[in-house]
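Enquirer: Model the structure of this input:
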Amino acid sequence: QVQLVESGGGLVQAGGSLRLSCAASVRTFSSYAMGWFRQAPGKEREFVAAITRGGGSTYYADSVKGRFTISRDNAKNTVYLQMNSLKPEDTALYYCAAKFGFRDSDYGRNKGDYGYWGQGTQVTVSS
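Expert: Take a look at the predicted model:
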């Protein structure tokens, strides 16, 4: 069982930055690929970023590429999402998710790929 707790959300002006953290309660964190998703009111949950279990590969949605960076610290059982140059359209509830990685290259872009989810942290970007 994997428990995930996100933190770091808040209210920020357009152009600002936030760093989200997701702490995992599992002994084998380094066996899991991790992802960040977001959901705005009235919209579907969408992929934001993913990182393989060893951190060697990262993947991004086109809408955040060049502005957001996903990283992980396996010694601290934590995955991060650094968000720069924030825009009002980035406003959403941000979720982290875990997916067991059978291979180093495993990751997912679809919410159905992930078996474990956090409760979410709200990010609001004002114009």
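Enquirer: Tell me where this structure has strands.
Expert: Ranges of strands in the chain, per DSSP state E, are 3-7, 10-13, 18-25, 32-39, 46-51, 58-60, 68-73, 78-83, 92-100, 116-117, 121-126.
Enquirer: which secondary structure elements does the second one contact?
Expert: Just to be clear, that refers to strand 10-13. Counting contacts by 3 or more Cβ pairs under 8 Å, 6 or more residues apart in numbering; DSSP states H and E, strand 10-13 is packed against strand 121-126. For the C-beta atoms, the positions are set from N, CA and C on the backbone; glycine is no exception.
Enquirer: One more: the last one?
Expert: On a contact count with 3+ Cβ pairs under 8 Å, 6+ apart, strand 121-126 meets strand 10-13, strand 18-25, strand 92-100.
Enquirer: Pick the most buried one from the ones you listed.
Expert: strand 92-100 (a mean of 22; mean count of other Cβ atoms under 10 Å).
Enquirer: Residues contacting that one from elsewhere in the structure, which ones?
Expert: 2, 4, 6, 9, 20, 22, 24, 26, 31-40, 43, 45, 48, 79, 81, 106-108, 111, 113-123 (Cβ atoms under 8 Å, 6 or more residues apart in numbering).
Enquirer: what angle sits between it and strand 121-126?
Expert: With axes from the mean of the first three to the mean of the last three Cα atoms, to 10 degrees applied, the angle from strand 92-100 to strand 121-126 works out at 140 degrees.
Enquirer: Quick one: work out the angle between strand 92-100 and strand 18-25.
Expert: Using the same axes, to 10 degrees: strand 92-100 against strand 18-25 is 40 degrees.
Enquirer: neighbouring strands for strand 92-100, and are they parallel or not?
Expert: strand 32-39 (antiparallel), strand 116-117 (antiparallel), strand 121-126 (antiparallel) (DSSP bridges).
Enquirer: about what we covered before: adding mean pLDDT, write the strands of the chain out as CSV.
Expert: CSV is the format used below for these (pLDDT from 0 to 100):
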stretch, mean pLDDT
strand 3-7, 98
strand 10-13, 98
strand 18-25, 98
strand 32-39, 98
strand 46-51, 98
strand 58-60, 98
strand 68-73, 98
strand 78-83, 98
strand 92-100, 97
strand 116-117, 98
strand 121-126, 98
